[in-house]
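# Sequence and predicted model, in that order:
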Amino acid sequence: MRSGYLVVAISLLPMALSAQTEFFGYFETEQDMAKISGNNYNYGYSKLRLDMVAYPAESVTVGANLNIRRFSGQKTWNVLDFLPKRIWEPVFGDTGEFPITLADTLYLDNVFIKLNFPLFDITAGKQQISLGTGYAWNPVDIFNIKELLDPTYEQAGVTALRMELPLADRMGLDLILVPEDSWENSAKMVQGKIGLGSFDLTANITEYNAPNPYWRLPIDTTTPPPTHTIRQRIGGSLVGEVLGVGIWGEGLWDLKDHPIEFDEYLIGLDYTFDFRTYLMVEYYHNGGGVADRDSLKFDDFLYSLSGQSHSLMQDYAFVVVHHPLTDLISVGLLGFANLNDKSFMVAPSLDWSIFENVNISLLASP
């Protein structure tokens, strides 16, 4: 029996890692109140993030950050309280429970090394990979899922090997590999970038092992449906401005036919009026979502809540309005709507910069 191995290792000697080292970070605390299934709850968390960036050599950057989060108030939740009873009753019965407990955490969110060569850069380790131009959703980003109530919040690092090749002014190439237990199951992406006039465009091709909503497939008693599917997809994005109106869009489409199509696309517009009010609107379509509310199953909710899909259903709209009252205080309105079942949520907000580097935010949802 013959075996082959390929080992690539990047090591730093224990020399002056402390030389040219920068430390920074932030602290945040959040307190929430909610009424769910007739019960009032108080809950929240406190979080400390410590970042370190070191430059042990002229062309070498080492970065890491430590996140510490401690939850308070209500920590154990019954997931079924957030779902319609008709969805979970066939699975759990009349008085079912699906408890989850939020545990305090201490973990390295990112830890990576970046090497700068004359013709390209290589980053290895757990790193930030944020793709696409959308605000609330990113169809081309197969690595991350955004939180609709705070789409710009920091995302978890992705363990990957990334090569960035500048080809010309406003033109480049990205190669991304996210290793799994085999080459076939590993996520691979090639993305080209170019700037044309007031627009920046990307085009990409990707292959990855995607979770499969097998419960939606026709029942075959002889062959169990696959829980995962290797998907090859092409996509792209654009962002620019026309007559003061910001325009962006992105999409990702399957190269091969599948019983369940996962084609996704998004378009967005934003504009700042002369009276300083900012307006942003986005529309998103997810072919892998459920089109009809009556077809929803408990597995569909788990599929979405666990981050296996960018959305539960197929068509959504997202709106943000923001207006500065003073240099330190601003008000806003965030809303999103499920266009398939006609449900929606609206959340007014208030932001107050009370001191330098200290901000208080209030968000409410009726």
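Yep, that arrived.
# Three-state assignment for the residue most central in space within the chain, please.
Taking Cα atoms, centre = their mean as the criterion, Ile145 is the residue nearest the geometric centre of the chain, at 2.8 Å. Look at Ile145: counting by DSSP: H, G, I helix; E, B strand; the rest coil, its state is coil.
# Direction included, what does the helix or strand that contains Val320 pair up with?
Here Val320 sits within strand 315-324, counting by DSSP states H and E. Applying DSSP bridges to the sheet, strand 315-324 is found paired with strand 278-286 (antiparallel), strand 329-338 (antiparallel).
# what comes into contact with it?
If you take Cβ atoms under 8 Å, 6 or more residues apart in numbering as the criterion, strand 315-324 is touched by 135-137, 148, 276-286, 289, 330-340. The way it works is simple: take the backbone N, C-alpha and C, and place the C-beta from them, glycine included.
# pLDDT (mean, whole number) over it?
Averaging pLDDT along strand 315-324 gives 97.
# same question, stretch 280-293
94.
# again with stretch 80-90
On average, stretch 80-90 scores 88.
# got the CA positions of that stretch in CSV?
Extracted in CSV, the C-alpha atoms of stretch 80-90 (Å, rounded to 0.1, in the frame of the first residue of the first chain):
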residue,chain,number,x,y,z
LEU,A,80,-40.3,26.2,20.3
ASP,A,81,-41.5,29.4,21.9
PHE,A,82,-40.3,31.3,18.9
LEU,A,83,-42.0,29.0,16.3
PRO,A,84,-45.6,28.5,15.3
LYS,A,85,-47.2,25.6,17.2
ARG,A,86,-48.4,24.0,13.9
ILE,A,87,-44.7,23.6,12.9
TRP,A,88,-43.4,21.8,16.0
GLU,A,89,-46.5,20.0,17.3
PRO,A,90,-46.2,17.1,14.8
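# which residues are contacting it?
Taking Cβ under 8 Å, 6+ apart as the rule, stretch 80-90 contacts Ile36, Ser37, Phe92, Gly96, Glu97, Phe98, Leu296, Lys297, Phe298, Phe301.
# coming back round to it: would you mind saying which of the strands paired with strand 315-324 lies nearest Lys47?
Among the strands paired with strand 315-324, strand 329-338 comes nearest to Lys47, with 21.2 Å by Cβ to Cβ.
# ok, then the element right after the closest one?
Using DSSP H and E, the first helix or strand after strand 329-338 is strand 343-355.
# Show me what that following strand pairs with in its sheet, parallel or antiparallel.
strand 329-338 (antiparallel), strand 358-363 (antiparallel).
# re the thing from before, just the buried residues of the strand holding Val320, please?
Asp315, Tyr316, Phe318, Val319, Val320, Val321, His322 (16 or more other Cβ atoms under 10 Å).
# Determine the longest strand present in this structure.
Looking across the chain with DSSP state E, the single longest strand is strand 39-57.
# Quick one: name whatever helix or strand follows that strand.
Immediately after strand 39-57, counting by DSSP H and E, sits strand 60-73.
# follow-up on the earlier one: confidence-wise, which of the strands paired with strand 343-355 is weakest overall?
Of all the strands paired with strand 343-355, strand 358-363 has the smallest average pLDDT, which comes to a mean of 91.
# Name the residues that touch that strand?
Taking Cβ under 8 Å, 6+ apart as the rule, strand 358-363 contacts Leu149, Leu334, Ala347, Pro348, Ser349, Leu350, Asp351, Trp352, Ser353, Ile354.
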